[in-house]
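[1] need the 3D shape of this:
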Amino acid sequence: MQAPGRPCRWTCLPSPSAREAASMYGTAVAIFLVILVAALQGSAPPESPFPYHIPLDPEGALELSWNVSYVQKAIHFQLLVHGLKAGVLFGMSDRGELENADLVVLWTNGDSAYFADAWSDQKGQLHLDAQQDYQLLRAQGTSDGLSLLFKRPFATCDPQDYLIEDGTVHLVYGILKEPFRSLEAINTSGLQTGLQRVQLLKPEVPTPAMPADTRTMEIRSPDVLIPGQETTYWCYITELPQGFSRHHIVMYEAIVTEGNEALVHHMEVFQCAAEFESFPHFSGPCDSKMKPERLNYCRHVLAAWALGAKAFYYPEEAGLPFGGPGSSRYLRLEVHYHNPLKIQGRRDSSGIRLYYTSTLRQFDAGIMELGLVYTPVMAIPPQETAFILTGYCTDKCTQLALPPSGIHIFASQLHTHLTGRKVVTVLARDGQEKAIVNRDNHYSPHFQEIRMLKKIVSVYPGDVLITSCTYNTEDRKLATVGGFGILEEMCVNYVHYYPQTQLELCKSAVDAGFLQKYFHLVNRFNSEDVCTCPQASIPQQFASVPWNSFNRDVLKALYDFAPISMHCNKSSAVRFQGEWDLQPLPEIISMLEEPTPQCPNNQARSPGVPTVVSIGRGRG
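    All right, here's what the predicted structure looks like:
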């Protein structure tokens, strides 16, 4: 229930006394120094105490900046609220829901302002958290709203709190337009709300020096009129200059048209296949019926950016080769526009700026595909909440294809289609899991970026790379099969490594013959016939399966023990010489333990009561 009385604006709140103002100023200065020291813990000073920045809402009314202190195991947030009326909530949840969310709330009851760590239940009702883990450092008025500065540990060991991990974080927000008599009077269902995805825990990677002869190339969308619909993938074909010689890409960064920061969600640059001499020029939606079929052969990733990502640097000893003999001159830019307000008439020329050099570095960087082959033999039954599929890069393949000195993975891009929820790639050696290459426990197919690894992972001949994807098909009535279509599924990790080898694809799928044994077995134990006739396709056979608990469990068991068909492929799509069908699954006898969150000192936490807030005035 909202509080009665006049609508309250932040400017009508009581002004602080001189003593309060002096105290706040001293506190602000001390806080700034603490944050600055925390931000400078890397090897090179950032350009700002808050090096990371994203707009939270489509209109840009909420702007979030942050820095990460791995020493303190905490994040400092700065939230700018433009045109704030009566309060704001901000927080995190598993998939971006406003229910069962971990929240921090600033609100007014019409007379006083309060700040509190809170959580929402299954109905969206807010509750005060008995353990106050969000710490307010400063609340300051601006010329058009409010600036909040607060911090939060990565892990709190509070059952109501979200554990901040390395992967994707779903941020949620809400705008309070009227006063509320108490925190418990707020329900998220009555607010203007939304979500934004981001990687909060950015790795502290030193910034390499740029070569003296570095040049730049901008690949930008050609003054696109952004469609007035929620989701658009825009494709644009461009080409390198005639006679463009071999170069190394050493860095790239996003160029976002001013004013469109909240609409440009992510962008990728792909190089087209070298076997085609030319590609038709095209600029339009990627799902357009007018899109030339040949554009599907532009899939080799050169650069990928998503909201919140800063510039991407290659290690000093390596660069990504492009141009020259054996390399296509044609590039495809793909821009994802997220326009939930369906804004009309906005034009955009966003893209990616490549930094490249003709002075080739010691190593060519390469991109290798790990995971599952794009094939319908790997399928997820309908109505599943967490079904796991796993693809392998076996010891037999790495033994044959990798150099004795190994390769060194420094970045990774995880990829599934719409039902993907978690992705992880693990390195195993001699039957023992040794390292996590990349993990995202809150993966979203709507937020994909190339992520630098905190630590380079070295892979040697005889090692195994295991990529597992967890899927949710609760909203589907038929099995979801593997394939290229958006309603089909993938499980891929594009790892960026050096030195480049001939091995471009190291993936697996269950042996097709064993899958046919599954369909025949299902026929024997079910009253409904499953189509096993030779002319029926695998998707048709899966569509005829009655998905009872027996058929689900047997399919899962099949994927867990049946032999696999390995694709140990060169860049020419030809397999390395050898026998790759009916291969046994790698035997893993020792698995890595899940990391235990390190909880902060209980005595440092505030008691479970809201903080009364005095809004200081900035210079505006």
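[2] next up, the contacts around Gly326.
    Applying Cβ atoms under 8 Å, 6 or more residues apart in numbering to Gly326 gives the contacts Ala274. All C-beta spots, glycine's among them, are computed from the backbone N, C-alpha and C.
[3] and it, how close does it get to Ala303?
    The gap separating Gly326 from Ala303 is 20 Å, by Cβ to Cβ, to the nearest Å.
[4] over to Met267?
    8 Å.
[5] who touches both of these two?
    Ile352.
[6] just the helices in the stretch 351-500 of the chain please.
    395-401 (DSSP state H, counting those that start in this stretch).
[7] okay, now the unreliable bits of the chain?
    1-48, 527-534, 600-607, 616-620 (pLDDT under 70).
[8] now the helices: where do they sit in the chain?
    18-39, 395-401, 512-524, 538-543, 549-561 (DSSP state H).
[9] for the third one, packing partners?
    Spelled out, it's helix 512-524. When contacts are defined as 3 or more Cβ pairs under 8 Å, 6 or more residues apart in numbering; DSSP states H and E, helix 512-524 packs onto helix 538-543, helix 549-561.
[10] need the residues that contact that helix.
    By Cβ under 8 Å, 6+ apart, the residues outside helix 512-524 that reach it are 377, 529-530, 532, 538, 541, 545, 551, 554-555, 558, 562-563, 565, 582.
[11] just the buried members of the residues you listed?
    377, 530, 538, 541, 545, 551, 555, 558, 562, 565 (16 or more other Cβ atoms under 10 Å).
[12] out of the residues you listed, which is nearest to Phe154?
    Leu555 (37.4 Å; Cβ to Cβ).
[13] what's near enough to touch that closest one?
    Contacts of Leu555 by Cβ under 8 Å, 6+ apart are 379, 381, 518.
[14] got it, and Trp305?
    Counting by Cβ under 8 Å, 6+ apart, Trp305 has contacts 252-254, 266-268, 312, 352, 449.
[15] could you measure from it over to Ser69?
    Separation of Trp305 from Ser69 (Cβ to Cβ) stands at 25 Å.
[16] got the contacts of Leu555 as JSON lines, with neighbour count and distance to Ser182 columns?
    Converted to JSON lines, these look like this (neighbours: other Cβ atoms under 10 Å; distance: Cβ to Cβ, whole Å):
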{"residue": "Ala379", "neighbour count": "29", "distance to Ser182": "50"}
{"residue": "Pro381", "neighbour count": "21", "distance to Ser182": "46"}
{"residue": "Tyr518", "neighbour count": "23", "distance to Ser182": "57"}
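[17] Ile186: which of those is nearest?
    For the contacts of Leu555, the nearest to Ile186 is Pro381 (39.6 Å; Cβ to Cβ).
[18] bridged to the residue nearest to Leu84 when sequence neighbours are not counted, which residues?
    Leaving aside its sequence neighbours, Leu84 sits nearest to Gly145 (Cβ to Cβ, 6 or more residues apart in numbering; 4.4 Å). Assessed by DSSP bridges, Gly145 has beta-bridge partners His82, Thr142.
[19] quick check: Gly145 touching Gly83?
    Yes - when contacts are counted by Cβ atoms under 8 Å, Gly145 is listed as touching Gly83 (5.6 Å).
[20] so which of these two has more stuff around it?
    Taking other Cβ atoms under 10 Å, Gly145 and Gly83 do not tie; Gly145 has more neighbours (17 against 11).
[21] quick one, what contacts the more buried one?
    Residues counted as contacts of Gly145 (Cβ under 8 Å, 6+ apart) are 10, 80-84.
[22] switch the cut-off to 7 Å
    80-84 (Cβ atoms under 7 Å, 6 or more residues apart in numbering).
[23] same check on Tyr330?
    Counted by Cβ under 7 Å, 6+ apart, Tyr330 has contacts 237, 239, 272, 279, 298.
[24] who wins for neighbours among those residues?
    Cys272 (23 neighbours).
[25] quick check: that residue touching Arg329?
    No - in this structure, Cys272 is not within contact of Arg329 by Cβ atoms under 7 Å, at 8.3 Å.
[26] give me the phi and psi for the spatially closest residue to His170 that is not a sequence neighbour.
    Using Cβ to Cβ, 6+ apart and skipping the chain neighbours, the partner closest in space to His170 is Gly96 (3.8 Å). Backbone torsions of Gly96, given as degrees, to the nearest 10, read phi 90, psi 20.
[27] how much space separates Gly96 from Phe90?
    13 Å.
[28] same check on His53?
    15 Å.
[29] what does Asp440 give?
    Applying Cβ to Cβ to Asp440 and Phe90 gives a distance of 22 Å.
[30] now Ser327
    46 Å.
[31] again, but for Gly420
    For Gly420, the distance to Phe90 (Cβ to Cβ) stands at 26 Å.
[32] what do you get for Tyr52?
    For Tyr52, the distance to Phe90 - Cβ to Cβ - is 15 Å.
[33] then Glu258?
    Per Cβ to Cβ, Glu258 is found 25 Å from Phe90.
[34] look at those two and report which has more neighbours.
    With neighbours defined as other Cβ under 10 Å, Glu258 and Phe90 compare such that Phe90 has more, 22 against 6.
[35] isn't the more buried one up against Tyr173?
    Yes - applying Cβ under 7 Å as the test, Phe90 and Tyr173 come out as touching, 5.2 Å apart.
[36] and stretch 236-243, how far from the chain's centre?
    29 Å (Cα atoms, centre = their mean, to the nearest Å).
[37] so which bits of stretch 212-225 are buried?
    217, 219-221, 224.
[38] quick one: end-to-end length of it, please.
    End-to-end distance of stretch 212-225: 38 Å, with Cα to Cα, to the nearest Å as the criterion.
[39] now swap in stretch 108-116 and tell me
    In stretch 108-116, first residue to last residue: 12 Å (Cα to Cα).
[40] tell me where the stretch 151-300 of the chain has strands.
    All strands of the stretch 151-300 of the chain, identified by DSSP state E, counting those that start in this stretch, fall at 168-176, 192-199, 215-220, 224-225, 231-239, 247-255, 264-271, 283-285, 300-306.
[41] any chance of these in TSV, with distance to Glu316 too?
    Output for these, formatted as TSV (distance: least, Cβ to Cβ, whole Å):
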stretch	distance to Glu316
strand 168-176	29
strand 192-199	23
strand 215-220	18
strand 224-225	36
strand 231-239	29
strand 247-255	9
strand 264-271	22
strand 283-285	36
strand 300-306	18
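[42] between the ones you listed, which one is closest to Pro58.
    Closest among the strands of the stretch 151-300 of the chain, using Cβ to Cβ: strand 192-199, at 7.4 Å.
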